[in-house]
Structure formats: C-alpha cells, structure tokens
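J.: fold the following.
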Amino acid sequence: MTLLPAIELETQPQPDSSVIWLHGLGADGNDFAPIVPELHLPKEMKIRFIFPHAPSISVTVNGGFVMPAWYDITEMDIDRKIDAEGLLQSANLITDFIDSERKRGIDSKRIVIAGFSQGGAVAYQTALSYPEPLCGLLAMSTYFATADTLQMSEVNKKIPILIQHGEQDPVVPELLGRKATTSLIKIGYSVSYQHYPMEHTVCPQQINAISKWLQTVIV
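T.: Numbers count the residues shown, from 1 in each chain. Predicted structure coming up:
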C-alpha cells in the first residue's frame, strides 16, 4: 500500500488513537497541522494526527491551473455538479490511511476523520461508507457532495458527527452545512451543528469546540 505524502504529529509517544484531517482546495497538510497545539488536549490523550497532502491536479474553475485538490471543481456552483469519480478516488486514498492506522495497532473505533471544505466532502464519503466502526466525523465549512449516491455503512450509523460552518462563508454557503445536517438527521444520524461569525476559515472558538468534542468521542 502506497500512501499519499502526509504530515504526522503525535501528542504523546505510542498513540492509541488517530485523527486523519483533510485540507481544502489549493492547500496541503501544512494548513491544519498548526492547530494541534492550539487544541490544548489533556496530556493523557495519545493521538496521532495525520494531515495528508492531496494530489496536484488541473482544476477547471481556476482556469485549469494545477494545484493540490481532492477532486476537480467544474463550476462555481459547487453543490450542483460534482466530480464524483475524483472524489471517490480520493476517498479510497483516505481509506488507505485508515487501514494503515489499523495495521499500526489503532482500533478503528479510535479513528476520527476530519475535513475542511473540499476535504470535508471527501471526509463524508470516507467515514460514512467505511465498513468498520469509526470514532467520529468532523466536517468543517463543507458540503455533503455524495449525499444522493453514498452507500452508507450500517456499522457507522451511530458515528458522532460534528458539523461546523461560518455564517458569512462566501465559498461554501452556510446553507450547505445546514442542508447536510438536515439530511443526515433525517436518515437517523446523530449530528451536532455549530455556526460561527466567520467566513471560509476557522476561528479560536471553533478550535476550542473541536478540542472539547475530541475529548468526548475519543475515550
């Protein structure tokens, strides 16, 4: 198994849990790695944070410019036309990270999948279709791109889901975060939704909430 390049940060030696965290369009794993110390997690939490780098591909809405992307964006109305094939390919690449962590001794029930923006769309697909129970799903400033096609895994129907969104997000409108929340609750998932007075970014209050949530789900 050949994994994508990634940044790894361990809060303590011999971690017993993992967080696989996906960046957004045009960024890379370095985008969210600095958040780890800002989470101020308890010393007894032994977590391996993994920040994969997306492959570099041509992105249609950016004039074909090659940049890190989990899948192509073909038009500005991102909720209408999805590069499903590219998204599924990326989800498979993240599934490889989950499988790798399990081979390293981490129980699947102690693996969290997190994603921001485009990475969040991949996180939805990956976590909700994975055939073994996972620890949690964190979706930030994103949308549920494969809601109509995803074959959801029964073993993850009770996975804790935290959705966070900015109220003034001009890239992925908050409406899409709320839409995902409504859709998931309607089919039986347990979802917490949080919104913040921000644009397409993260804020200190949000980081604090993520820390509390991680301490709740990783037990």
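J.: thought residue 125 was touching residue 150?
T.: Yes: using Cβ atoms under 8 Å, residue 125 and residue 150 qualify as a contacting pair, with a distance of 6.1 Å. In this view, the C-beta of every residue, glycine as well, is placed from N, C-alpha and C.
J.: so those two - more neighbours on which side?
T.: When residue 125 and residue 150 are compared for neighbours, residue 125 comes out ahead with 28 against 15, by other Cβ atoms under 10 Å.
J.: next one: the residue sitting furthest away from the middle of the chain from residue 102, what distance?
T.: Note on the chain: the largest separation between a C-alpha and the mean C-alpha position, by Cα atoms, centre = their mean, falls on residue 63 (26.0 Å). Distance of residue 63 to residue 102, computed by Cβ to Cβ, to the nearest Å: 40 Å.
J.: who touches stretch 25-39?
T.: 5-7, 9, 11, 21, 23-24, 49, 51-54, 59, 62, 67-70, 73, 116-118, 202, 204, 207, 210-211, 214 (Cβ atoms under 8 Å, 6 or more residues apart in numbering).
J.: and what of stretch 207-219?
T.: Outside stretch 207-219, the residues that touch it by Cβ under 8 Å, 6+ apart are 17, 19, 35, 38-42, 45, 47, 110, 112, 135-136, 138, 160, 162, 164, 192, 194.
J.: 7 Å - rerun?
T.: The set of residues external to stretch 207-219 that reach it, using Cβ atoms under 7 Å, 6 or more residues apart in numbering, is 17, 35, 38-42, 45, 47, 110, 112, 135-136, 138, 160, 162, 194.
J.: correct me, but residue 22 touches residue 122?
T.: Yes: with contacts defined as Cβ atoms under 7 Å, residue 22 counts as touching residue 122 at a distance of 5.6 Å.
J.: which of those two has more neighbours?
T.: Regarding residue 22 and residue 122, a neighbour count based on other Cβ under 10 Å identifies residue 22 as having more, with 34 against 29.
J.: still on that earlier bit, buried ones among the contacts of stretch 207-219?
T.: In terms of neighbour count (16 or more other Cβ atoms under 10 Å), the buried residues within these are 17, 35, 39, 41, 45, 47, 110, 112, 135-136, 138, 160, 162.
J.: which of those residues fall in helices?
T.: Those of these mapping onto helices are residue 35, per DSSP state H.
J.: so which of the buried ones among the contacts of stretch 207-219 belong to strands?
T.: Within the buried ones among the contacts of stretch 207-219, residues falling in strands by DSSP state E are 17, 47, 112, 136, 138, 162.
J.: can you add pLDDT and distance to residue 92 and give the residues you listed back as a markdown table?
T.: Written out in a markdown table, the entries for these read as follows (pLDDT from 0 to 100; distance: Cβ to Cβ, whole Å):
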| residue | pLDDT | distance to residue 92 |
| --- | --- | --- |
| 17 | 98 | 23 |
| 47 | 98 | 24 |
| 112 | 98 | 19 |
| 136 | 98 | 21 |
| 138 | 98 | 20 |
| 162 | 98 | 24 |
